[in-house]
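Enquirer: Below are the sequence and a predicted model for it; my questions follow.
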Amino acid sequence: NGNFLGNLFDSITTIQWTLGDGTIRNALPSLGTNNQLDSIHHLYAQAGIYTTYLYVENQGYCSGIDTVRVIVSPAVIPTATAPYLEDFNATDGGWFEESEDGNQSSGLWAWSNESPPRISATTKVWVTKPNTTYGPDTSGWVYSPCFDLTQLSRPMIKLDYYNDTDVGNDGVVIEYYERTTDKWIPLGDVGRGINWYNQAVIGGRPGEQTLAPRGWSGANTSWKDGRYKLDDFSTYDDFRFRIAFGAIKVTNTPFEGFAFDNVWIGNRTRNVLLEHFSNKEVPSFDPINQHVYNLIYTTPLFKDVVLV
């Protein structure tokens, strides 16, 4: 750029996007606001990982190129009668792995079989470092498909997982994408759900956590079935999450990492029956009744509790 007779001028003559699916787009050689190139919109026909390039050249034949790895996830709409279930036996399920820096493969996660001594899977699963152990300063994640949860009234996620990590130092968290803040946030907390997180602070900081990074940490002796309700996301038509691994590996003890399988998203079907009663000598049972009614009918518990 330069100034000539008080006017800003630019010498860019060529702007070209190569979008990784055979599409090449050329743009007019002009700058948008704040001297930034105008963005483009492109709709990919299929899910997958695409390597895209932006090439720029000026009239002096100086050129530059930038590369971006684009992940296009499949869209899924689970319903009450047709919940989502992926066992990964035949395909990777449209799940894609990525490094923490966001522009290359992690070299950590793989869709693979896993052999003993600890994590064992005779069919394919998503697993860290198949058939070997992970090293220090290791991180990466696997992205889920994009889910429309609006057809579910009592949404829940469940998955089978096997954790073999150094307790307190290395571990895994599930993060969901919060569209309003453009951030990845841990899904759930320690002590909530069924077989959900067991560690309040993990030194390896899985995902993008900074303060008190939580998740699963330690060594299982068998596969576990983790479950967590998704009621807070029942209005989301683009619910997306990722399973993130982080390790600092402060010990020489070998650990195999983490594996997951059989991911299910659908409606919860179980209810809890609640019956309450008192001694006939209690002078006034009305305040107790009112407390129970308020607990059941004015909180999210009403979806899972039946008062008898």
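Expert: Thanks, I have it. Computed from a predicted structure; not experimentally measured.

Enquirer: Now residue 236: closest residue in space that isn't a chain neighbour?
Expert: The shortest distance from residue 236 to any non-neighbouring residue, by Cβ to Cβ, 6 or more residues apart in numbering, is to residue 149 (5.2 Å). All C-beta atoms are positioned from the backbone trio N, CA, C, and that covers glycine.

Enquirer: Make sure residue 52 is actually in contact with residue 21.
Expert: No - contact criterion Cβ atoms under 8 Å: residue 52 and residue 21 do not qualify, at 9.1 Å.

Enquirer: Tell me where the model's unsure across the stretch 101-250 of the chain.
Expert: For the stretch 101-250 of the chain, no stretch has pLDDT under 70.

Enquirer: switch the cut-off to 80
Expert: Within the stretch 101-250 of the chain, the stretches with pLDDT under 80 are 115-116.

Enquirer: Quick check: residue 73 touching residue 239?
Expert: No - between residue 73 and residue 239 there is no contact under Cβ under 8 Å: 11.2 Å.

Enquirer: what residues do the two have in common as contacts?
Expert: Listed as contacting both residue 73 and residue 239 by Cβ atoms under 8 Å, 6 or more residues apart in numbering are residue 146.

Enquirer: more crowded one of the two?
Expert: For residue 73 and residue 239, the more surrounded residue by other Cβ atoms under 10 Å is residue 239, and the numbers stand at 24 against 17.

Enquirer: in the sheet, who's paired with that one?
Expert: Residue 239 has these beta-bridge partners by DSSP bridges: residue 147.

Enquirer: Quick check, it in contact with residue 147.
Expert: Yes - checked against Cβ under 8 Å, the pair residue 239 and residue 147 is within contact range at 4.5 Å.

Enquirer: hang on, the earlier thing: assign the residue nearest to residue 236 to helix, strand or coil.
Expert: With DSSP: H, G, I helix; E, B strand; the rest coil as the basis, residue 149 sits in coil.

Enquirer: Same question for residue 266.
Expert: Three-state assignment for residue 266 (three-state DSSP): strand.
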